[in-house]
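Q: This is a predicted model, with the sequence first.
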Amino acid sequence: MKKLGPFGILMVLVVLLIVLLLSGKAWKAALPAAQQALKPGSSQGVPDHGDKAAGDAVRSGNLPDLKAMGKSTDQHTQQVKDASKGQD
């Protein structure tokens, strides 16, 4: 195995320092939301942080019916198979 020279060791240390700084910033950014979720008596929820429509759908209970979606997908698959039979 090849040994690292002084320049290689210095580069490894610089990269390690950069990774630690970036992970520390990310940790500090996520900390307030985590503290809010862990407060006693809280609803254990974290505020929306992206697609607000998805959060609204979950809270309102207006999620799509997966069984109905599966049936419509099966029907569409069958229609595609029927249409492609004549093309063979």
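A: Looks like it arrived, so ask away.

Q: quick one: the helices in the chain?
A: In the chain, the helices defined using DSSP state H lie at 6-38, 52-60, 66-85.

Q: Format the ones you listed as CSV; extra columns: mean pLDDT.
A: Output for these, formatted as CSV (pLDDT from 0 to 100):
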stretch, mean pLDDT
helix 6-38, 87
helix 52-60, 67
helix 66-85, 90
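
Q: could I get these as CSV with mean neighbour count?
A: C-beta coordinates here come from the backbone N, C-alpha and C atoms, glycine included. Formatted as CSV, the helices of the chain follow (neighbours: other CB atoms under 10 Å):
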stretch, mean neighbour count
helix 6-38, 10
helix 52-60, 11
helix 66-85, 10
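
Q: who's in contact with Gln79?
A: By CB atoms under 8 Å, 6 or more residues apart in numbering, the contact list for Gln79 is empty.

Q: Met69 versus that one, what's the distance?
A: Distance, Gln79 to Met69, by CB to CB, to the nearest Å: 16 Å.
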